[in-house]
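>>> Turn this into a structure:
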Amino acid sequence: MNESAELSAAAAAARIIPSSRDTDESWRRCCRRLRAELGENVFTSWFGRLKLDSIEDGRALFSVPTRFLKSWIEAHYSDRILAALETEIGGVASVVIGLRSSMGASVAPPAAPIPPNQPKAIDPARPTAARIAPASTPRGGALREEAAAYGEPLASSPLDRRLTFASFLVGRSNQLAYSAAQRVVEDRAGQAPAFSPLYVHSAVGLGKTHLLQATAHAATAQGRSVIYLTAERFMYGFVAALQSHTAIAFKEAMRSIALLIIDDVQFLQGKAFQNEFGHALNALLDSGRQVVVAADRPPADLEALDERVRSRLAGGLCVEMTALDEPLRIKILEARIAAARVQNPNFSVSPAVVAYVARAIVSNGRDLEGAVNRLIAHSIVGSPLTVEAAEAAIHDLVRAREPRRVKIEDIQKLVASHYSVSRSDILSARRTAMVVKPRQVAMYLSKALTLRSLPEIGRRFGGRDHTTVLHAVRKIEGLSATDTALREELELLKRMLQD
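Numbering: from 1, shown residues only. Model (predicted):
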């Protein structure tokens, strides 16, 4: 290569290396994309402390503060990070994650980059030096120390002593779930459970955790062997057992308890963790033990969970806790106000203000509690707490009524009906024009109206690859930009799905 060609190549290479400011902005766009794909809770749990340090020679160099976080992101999310970077920045071939020192510097990056689309999973049957190091190694010791921060491998997650049946307010939206939890507690030792597993699901802030912890409190008070675990606590406990070579004891302990309660099961990710949970679930149910599980969606919608586990969860009693009705919202507000008056005897709220707040805030119990806190703050100023004052105090909590949650199955059924094909046609391998367009429209709407990732959408459309879904989304986006009739069709379908 002559000198001018080398200079041209160097200049071209320099042009594709983004500046620090451009990199920061591009990473913020990647974060928005990942948050939309994975959901707020998953993103905050695993990406909140992930920092993009630089992009060099096609490698994106990240840092995190702990070894466990590094291992988890490498094993489960490296391909998604790479896909987001490739979309927003381009020219990124691999992701490298190092440890961040207390001074903020990245240390000890791995010698080789993480290859794309090859997530690693912990397999308890095949330990490796990289994933399940002996306790004497620095890696194993550090990971064990992080897991040990949660206590013993199978110790319960902490219970809030305020979350009991006595403080659980019952209304039309949660009556069945409350009665089912009461029945779990009423079952006596040696008696076959009336229904196991009990599966409770709802959107955030509607009382799932309160109900599960109340069940744990009541059963413990009876002297029963109870374990209450969040999905995250279960995963940490399993890692700790592997690191300390007590996996067999962990498995035996899981299978010997009388009542297992698992919260937020939608966060249970990774093949090894799901396998262990599935084995424990089968052993407990087959031996007539009671299992209570909670999630933010029905079992059939837990696409990341193994199909056999989903089937077993769906085989029990599935109960949805729906949105809080107005009488229940009033009861919650009155209870929060009564509790606040213990600390602030002069705090008083008129029935008219309570009624206004109950009508204005329809989302969840946490927003209602936030409204009471704002009313307390307003009353401290000394101004009369009128309806107008309450409106100003809680204006940031008043939201438009949230559209109903759209399911991929609903999209497929509506699109099939609209285009006069069957749902099985959309899921089939047929490539005729009369089927391809409805299929692509359904994939586009699934991406636009749900938080499901491209691979998850592909699986729900007959096991297709995520690139097929991406092609369909881009194709419909391109056509709708110039085709007014198609654009109106899409808007009509969106309205019909969200109303």
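
>>> Could you give the bridge partners of Cys318?
Bridge pairing for Cys318 (DSSP bridges) gives the partners Tyr199.

>>> Of all the residues in the helix or strand that contains Ile457, which ones are buried?
When secondary structure is defined by DSSP states H and E, Ile457 falls within helix 454-460. By neighbour count with 16 or more other CB atoms under 10 Å, helix 454-460 contains the buried residues 454-460. For every residue, glycine as well, the C-beta is placed using N, CA and C.

>>> do stretch 235-245 as well
Quick answer for stretch 235-245 (16+ other CB under 10 Å): 235-244.

>>> ok, back up a step: can you name every helix or strand that the helix holding Ile457 contacts?
Counting contacts by 3 or more CB pairs under 8 Å, 6 or more residues apart in numbering; DSSP states H and E, helix 454-460 packs against helix 408-418, helix 433-449, helix 466-482.

>>> Would you mind putting the ones you listed into a markdown table with distance to Trp72 alongside?
Output for these, formatted as a markdown table (distance: least, CB to CB, whole Å):
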| stretch | distance to Trp72 |
| --- | --- |
| helix 408-418 | 27 |
| helix 433-449 | 26 |
| helix 466-482 | 22 |
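
>>> who wins for proximity to Leu368 among these?
Evaluated over the helices and strands packed on helix 454-460, closeness to Leu368 peaks at helix 433-449, with 27.5 Å, by CB to CB.

>>> Val226 is in contact with Ala214, isn't it?
No - between Val226 and Ala214 there is no contact under CB atoms under 8 Å: 11.9 Å.

>>> Confirm Arg224 sits in a strand?
No - applying DSSP: H, G, I helix; E, B strand; the rest coil, one finds Arg224 to be coil, outside a strand.

>>> gap between it and Gly98?
Going from Arg224 to Gly98 by CB to CB, to the nearest Å gives 46 Å.

>>> where does the stretch 1-150 of the chain dip in pLDDT?
1-22, 41, 68, 101-150 (pLDDT under 70).

>>> mind listing the strands in it by residue range?
51-56, 59-64, 94-100, 106-107 (DSSP state E, counting those that start in this stretch).

>>> of all the ones you listed, which lies closest to Val353?
strand 51-56 (45.0 Å).

>>> Confirm Ala240 sits in a helix?
Yes - under three-state DSSP, Ala240 falls within a helix.

>>> What's the per-residue pLDDT of it here?
With respect to pLDDT, Ala240 has a value of 77.

>>> Looks like Ser233 contacts Ser157 (just checking).
One correction, residue 233 is Arg, not Ser. Yes - look at Arg233 against Ser157 with CB under 8 Å: they come within range, at 4.5 Å.

>>> and Thr209, what is it in contact with?
163, 263, 294 (CB atoms under 8 Å, 6 or more residues apart in numbering).

>>> typo on my end, Leu198
Applying CB under 8 Å, 6+ apart, the residues near Leu198 are 180-181, 184, 290-293, 316-317, 319.

>>> if you set the cut-off to 7 Å instead, what comes out?
180, 184, 292, 316-317 (CB atoms under 7 Å, 6 or more residues apart in numbering).

>>> Kindly report the same for Val42.
Counted by CB under 7 Å, 6+ apart, Val42 has contacts Phe267.

>>> Would you quantify the distance from it to Ser78?
In terms of CB to CB, Val42 sits 15 Å off from Ser78.

>>> And Val170, by the same measure?
45 Å.

>>> Those two - which one has more neighbours?
Ser78 (23 against 14; other CB atoms under 10 Å).

>>> quick one: the closest residue to Tyr419 other than its chain neighbours from Lys407, how far?
Using CB to CB, 6 or more residues apart in numbering and skipping the chain neighbours, the partner closest in space to Tyr419 is Pro438 (4.0 Å). Per CB to CB, Pro438 is found 17 Å from Lys407.

>>> ok so, going back, which members of the contacts of Thr209 are classed as buried?
Buried among these (16+ other CB under 10 Å): 163, 263, 294.

>>> quick one, strands of the stretch 301-450 of the chain?
Applying DSSP E, counting those that start in this stretch to the stretch 301-450 of the chain gives strands spanning 317-320.

>>> which stretches of it aren't confidently modelled?
Checking the stretch 301-450 of the chain against pLDDT under 70 turns up 382, 399-404.

>>> CA atoms only: put stretch 81-96 into PDB for me.
Taking Å, rounded to 0.1, in the frame of the first residue of the first chain, the C-alpha atoms of stretch 81-96 are listed here in PDB:
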ATOM      1  CA  ILE A  81     -25.600  -4.800  24.400                       C
ATOM      2  CA  LEU A  82     -23.700  -5.600  21.200                       C
ATOM      3  CA  ALA A  83     -26.900  -5.400  19.100                       C
ATOM      4  CA  ALA A  84     -27.800  -2.100  20.600                       C
ATOM      5  CA  LEU A  85     -24.300  -0.700  20.000                       C
ATOM      6  CA  GLU A  86     -24.300  -1.900  16.400                       C
ATOM      7  CA  THR A  87     -27.700  -0.200  15.800                       C
ATOM      8  CA  GLU A  88     -26.900   3.100  17.400                       C
ATOM      9  CA  ILE A  89     -23.100   3.400  16.700                       C
ATOM     10  CA  GLY A  90     -22.000   0.800  14.200                       C
ATOM     11  CA  GLY A  91     -18.500  -0.600  13.800                       C
ATOM     12  CA  VAL A  92     -18.600  -2.400  17.100                       C
ATOM     13  CA  ALA A  93     -17.500  -6.000  16.800                       C
ATOM     14  CA  SER A  94     -17.300  -7.100  20.500                       C
ATOM     15  CA  VAL A  95     -18.000  -6.200  24.100                       C
ATOM     16  CA  VAL A  96     -15.300  -6.200  26.800                       C
END
